[in-house]
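**Q** structure for the following, please:
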Amino acid sequence: MKREEIELLMPEVLQRTVHPGSPIFALREAMEALHQPAEDALARLDSFFDPRRTPPAFVPYLAKWVDFARILPVTSGVACLRELIAASAELSQWRGTSRGLVLFLETATGVSGFQIDEQVLGTDGLPRPYHIRIGAPRLAATHRALMERIIDSEKPAYVTYDLDIQPEGGDVS
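**A** Just a heads-up that it's a prediction; the model follows:
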């Protein structure tokens, strides 16, 4: 609150005594100073709810709001976490699908090129029911634990998987 607003809230008898050097003047100045941090936060309140503009320390809190606490920490950095939060509505819409899993993995790691094979053949040459193979680009290899947390939380519960990291310069094995 500004000085004038604070002064208007004071009883009239105190308003008359607000002069430089008076105790009431000092009290009014102190009240304005105490309100200033809250006023500053309220002036930029919208930025706290925008994952791309919020302070870095607030990003994990927003991640918990959109139910991404299950994948924290995001080893690819705060920029990827910001993008995950921004894409949370679309990710939720495609949850449990190949498209959603690829989008989630690419957004979380910041690396594109994930592939999902839904027709994985067993040792007998027949397709393995309810089993998928996820091919990850070599650049995403450092984020293996993050990828596994994402896959475990996003795939249907009855589906098993293999996570294969693409060899250098080759196709997904």
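
**Q** quick check: buried residues in the helix of greatest length in the chain?
**A** Longest helix in the chain, counting residues (DSSP state H): helix 23-43. Buried residues in helix 23-43, counting neighbours by 16 or more other Cβ atoms under 10 Å, are found at 24, 28, 31-32. For glycine as for every other residue, the C-beta is placed from the backbone atoms N, C-alpha and C.

**Q** name the nearest of these relative to Val111.
**A** The nearest member of the buried residues of helix 23-43 to Val111, counting by Cβ to Cβ, is Glu32 at 50.4 Å.

**Q** residue contacts, the closest residue to the closest one other than its chain neighbours?
**A** Distances taken as Cβ to Cβ, 6 or more residues apart in numbering put Arg3 closest to Glu32, at 5.3 Å, once the chain neighbours are dropped. Listed by Cβ atoms under 8 Å, 6 or more residues apart in numbering, the contact set of Arg3 reads 28-29, 32.

**Q** between those, which is closest to Glu83?
**A** The nearest member of those to Glu83, counting by Cβ to Cβ, is Glu32 at 39.7 Å.

**Q** right, and the closest one touches Ile6 too?
**A** Yes. Glu32 lies in contact with Ile6 (Cβ atoms under 8 Å); the separation is 6.1 Å.

**Q** quick one: the helices in this structure?
**A** So, for the chain - with DSSP H - the helices run 3-9, 12-15, 23-43, 45-48, 59-65, 78-86, 88-93, 98-109, 144-154.

**Q** same question for the fifth one, mean pLDDT?
**A** Same thing as helix 59-65. On average, the pLDDT along helix 59-65 is 96.

**Q** ditto for the second one
**A** Helix 12-15 shows an average pLDDT of 88 in the prediction.

**Q** same check, this time on the first one
**A** On average, the pLDDT along helix 3-9 is 87.

**Q** before I go, just wanted to say thanks for your time.
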